[in-house]
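**Student:** no sequence for this one, just the structure:
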C-alpha cells in the first residue's frame, strides 16, 4: 500500500483520493476500513467506482458490510450485488440481517429468487455452498472457432473461462475443455474432438474437505459440481479452496487445543462466545482429572511415607503428556493429509513403538543422572523415577498413536483425540506406574 | 480408480493393461506403486507411454524414483526428464543420488547446465525453489492477434498460459496480460493497451510463506518472480502453493506439539530420525520441569501436613495447561493467518483477560461443588483448590496469549511458544499459587 488513505480522509482531500484510490487493489483498500470510524468508512466507500465498490465490499468484515448497507441507498446496494460473483453474493446474503435479505429478494426476478433460495439452502460445509454459477458452457457440435467467439461474447461475466463445460440439451455434463486447449487447437476442430471426458467432478452434497482433497490430488484450478442426475449446477474455483484448506487447518488446530471450532476470526468473536467454545472441553478434562485424583488418593500412604516422590510428579506428567501429544499430532496430521490410511495402522503402531523405546530409554538415562547428581536423591528413588519415565513415554506414544486411529475407525474426527485428552489419560497411567514401582523398589 | 492394476500385473495381462492404463490419471497410477514390489513396479513403469511416464514419475516417492532410475535406460530417463516441467525436474534432481545427477548434467547443454545449477542453488524455502521457467513472454508492441498466435506456437510446452508476461529487451517485467483478457479483447489492440502494470510480484530470495500469503491475499493463480534488477526469472503456479500451505501448516502442528519440523512424510521417515526430532524438546521440557520440582520441595512441609492437597495437583496442572494452550493456539494461528497483527496485541491481551475471568470463575464455581460433594473434602480445602483454579486459569490464559506475541516481537516463530512450553510455565505458577493459598487459608 503506497497510498495513505487515512491521511487523505483526515485532510478531506476527497477529489484527490477518489482519483488515487482507483489504482489500489481492492483487498488493500478493504484493510483500511479496519482503522476508520463509521463516518469515514462511508465516505471512503462512496468515493469508490462501481466496479471497485463491489470488489472492496466482498473483502470487508460482516460488521463493516452491515454498517455500509445501512448507510447507502438501496439502488447502490443492488448495483453492488449485481456486480459480485454469485458465490460471493450468497456468502454476503448469509450474514446480512433478515430484513435486508428480504428487501433484496423482493427486488429480484422470480428466477433469481429461486436460485438464491436454492443456494442459501446448501449446508455450510458442502460443495454446494462453495460453488458459483458463472461458468462458460459449450456444445460438443461447436467448432473451436465458434467456441472462442462464444466465450468472447459471454466470458466477461464469468468467474473463470479457463475451463469450459460441454453440456448436452438436458444440461448433463459431457466433458471439459480448457481454454488452453482451445487456444492451442486448430480453429476447425470440433469440441467433441478435443474435450476431456475423463474429468474429475463432485456432487453438491459432498463435504468441502473432500472437495479440497480433489483439488490437491489432481492439481485442479476449478471443479464442476453436478446434481444426482449428472446435470451441471455450478463450479468451484481454486481461490475458494485455498480458503477452505486454511479453515479446515484452523479447525484442526482448535480441536487439538481442546476448543470447539470457531467460525469467525478471533478479533471478531465476542467474549462469551469465545468462553463458551473453551469451557466445554476444559470442564470435561477437569472432571476426568478426578481419575488421577483417585489414583493419588489410593496411594497416599506411599506418598506420605516418601514425600520426595511428589517432587517428580509434575515432571513425569508433563513429559508423558508431551510425548503423547507428539505422536497423536503426527498421526492426526498424517490422516488429515491422506499420508496415513487405516490400512497403515499396524505399520504406524510398530513404528511408534520403536520410536518410543529409543526416546523413552534415552530420556530415562539422562534423567537418571540428572536426579542423582543435581537433585541429589537416593539411588533407589532415581531408579523408580527414571524407570517410570521410560515406561510412561512408551505408553504415552502408543496411546497417542492409537487414539486417532480408533477415532477414525469410529468415524469420529481424529483431531479431537489430540493433546489434552491424551494428557489426561497418560497422566493417570504415569501415576499408576510410578506408585507401583515405588511400592516394589522402595519396599513400602 | 476403476482399474485393478495389481490384478492385471499378477495375471501378467500386460497388453491389456498397457491399453487400459492410458485412461487413468497419473496420480492414481502413482498410488498403485505403493503396493507393488520392485519387479512389478518396473514392469508397470515400462508399460506407460512417454507422456504418462513423466507424469507418473513426478508423483512417485523419492525411493520409488531411485528404484526406477536404477532399472531403466539412460536414454529413457533423459526422455522423462525432458518431458517434465522445469520445477518438477529440479525437485527430482535434488533427491537423486549424486552420481545420477552428474550423468544427467553431463548430457545437458552448456546453457541448460548453468540453469539447472542456478536453480539447485536456491535455498529450500525460497521463492526461487518453487518457480518454473516455462512461461509465455510477450512484447508490448504485439497486437492481441499476434500474441494469440505466438501463444499457439509456443504454449504447448508452458506450465501455464493463463498469465502472460510482457518483457522489454532486457527481460525486465513491464506488465501482465491474462489469457482471459487476450481472448476477450479486440484482435487489433496492442498489448500495451491491455496489459496490467500494477501487478503483484516477488523476489527469488523471498520466503515461501510470504509467497503463499500473496497468493491468498490477492487470489492469484500464478506469480512472477524477478531478480534484483527486476528481470523476470520464473513464475510460481498455484498448485505448488497449495502444497506450501499444507507444508507450513504441518510444520506449525509439529512445532506446537514440541517437535522439530519433519521434511518427509511420516511413513517415509526412519525411526532414529523421528526420535531425534522429538527428543530435543522433550529433554528441554523435562529439565525445565525441574523448576516445578523445586516449588514442591520448597513447600513440602505444607504437603506433608495436608497430604490430600496432592490429590488435586494433577487436575490443577492439567486444567491450567489446557487453558494456556487454548489461548496460545488461537493467537499463534491468528498471527499465522495474518488475522492478528502486532498492533492488535493490547486488544488481544484485554480480550483474553476478560475471557479468562469468565472461564476461570465458572470452572472454579463448578469445581467447588464437585470437590465438596463428590470428593467430600473439607470446606477450606475446597476453597483453596477452587480459588487456585480460577487464578491459574487467568494466569495461564495471559501467559498463553503473551508468549506468542513476545516471540513474534523477538522475530522468533510464535509456534514454538505453544502448548508444551506454556504447560511447563503455568504448572509452576499453579503450584506456587496453590501452596501459598493453602498456607493462608489452612493456617499452616
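**Tutor:** Sure, I can see it. All figures in this text were calculated on a predicted structure; none of them were measured in a lab.
**Student:** Next up, the contacts around residue A:238.
**Tutor:** Contacts of residue A:238 were listed using C-beta atoms under 8 Å, 6 or more residues apart in numbering or on different chains, and they are A:215, A:220, A:221, A:222, B:221, B:238, B:242. Quick note: C-beta positions are derived from backbone N, CA and C, even for glycine.
**Student:** got a pLDDT number for the second one?
**Tutor:** Think residue A:220. According to the prediction, residue A:220 has pLDDT 89.
**Student:** thinking again about what came up before, ok, of the contacts of residue A:238, which one's closest to residue B:329?
**Tutor:** residue B:242 (23.3 Å; C-beta to C-beta).
**Student:** How many residues are close by the closest one?
**Tutor:** 21 (other C-beta atoms under 10 Å in any protein chain shown).
**Student:** Is it correct that it is in contact with residue A:216?
**Tutor:** Yes: A contact is recorded between residue B:242 and residue A:216 when judged using C-beta atoms under 8 Å, the distance being 5.7 Å.
**Student:** okay, and the common contacts of those two?
**Tutor:** Common neighbours of residue B:242 and residue A:216, counting by C-beta under 8 Å, 6+ apart, are residue A:245.
**Student:** For residue B:76, state which of the contacts of residue A:238 is nearest.
**Tutor:** Checking these against residue B:76 by C-beta to C-beta gives residue A:220 as the nearest, at 29.5 Å.
**Student:** Is it correct that the closest one falls within a strand?
**Tutor:** No: under DSSP: H, G, I helix; E, B strand; the rest coil, residue A:220 sits outside any strand and is assigned coil.
**Student:** From what I see, it and residue A:200 are in contact.
**Tutor:** Yes: applying C-beta under 8 Å, one finds residue A:220 in contact with residue A:200, separated by 6.7 Å.
**Student:** Between these two, which has more neighbouring residues?
**Tutor:** When residue A:220 and residue A:200 are compared on other C-beta under 10 Å, the one with more neighbours turns out to be residue A:220, at 20 against 14.
**Student:** Give me the phi and psi for the more buried one.
**Tutor:** Dihedral angles phi and psi of residue A:220 (degrees, to the nearest 10) take the values phi -80, psi 160.
**Student:** for it, what are its contacts?
**Tutor:** For residue A:220, the contacting residues are A:200, A:214, A:238, taking C-beta under 8 Å, 6+ apart as the criterion.
**Student:** could you redo the last one with a cut-off of 10 Å?
**Tutor:** A:163, A:199, A:200, A:211, A:214, A:236, A:237, A:238, A:241, B:238, B:239, B:242 (C-beta atoms under 10 Å, 6 or more residues apart in numbering or on different chains).
**Student:** which ones are touching residue A:71?
**Tutor:** Contact criterion C-beta under 10 Å, 6+ apart gives A:38, A:39, A:41, A:42, A:43, A:45, A:46 as the residues in contact with residue A:71.
**Student:** make it 6 Å
**Tutor:** The neighbourhood of residue A:71, defined by C-beta atoms under 6 Å, 6 or more residues apart in numbering or on different chains, consists of residue A:42.
**Student:** With residue A:84 instead?
**Tutor:** With contacts taken as C-beta under 6 Å, 6+ apart, residue A:84 has the following neighbours: A:54, A:58.
**Student:** Tell me the pLDDT of it.
**Tutor:** On the pLDDT scale, residue A:84 gets 80.
**Student:** Look up phi and psi at it.
**Tutor:** phi -80, psi 150.
**Student:** pLDDT weak spots in chain A?
**Tutor:** Judged against pLDDT under 70, the low-scoring parts of chain A cover residues A:1-3, A:257-258, A:263, A:419, A:444.
**Student:** What segments of it are strands?
**Tutor:** Secondary structure of chain A (DSSP state E): strands located at A:136-138, A:163-167, A:173-178, A:202-203, A:222-226, A:232-237.
**Student:** quick revisit: farthest-apart pair in the contacts of residue A:238, please.
**Tutor:** Using C-beta to C-beta, the two most remote members of those are A:222 and B:242, lying 13.5 Å apart.
**Student:** what residues does the stretch 1-150 of chain A put near chain B?
**Tutor:** By C-beta under 6 Å from any C-beta of the partner chain, the residues of the stretch 1-150 of chain A that approach chain B are residue A:27.
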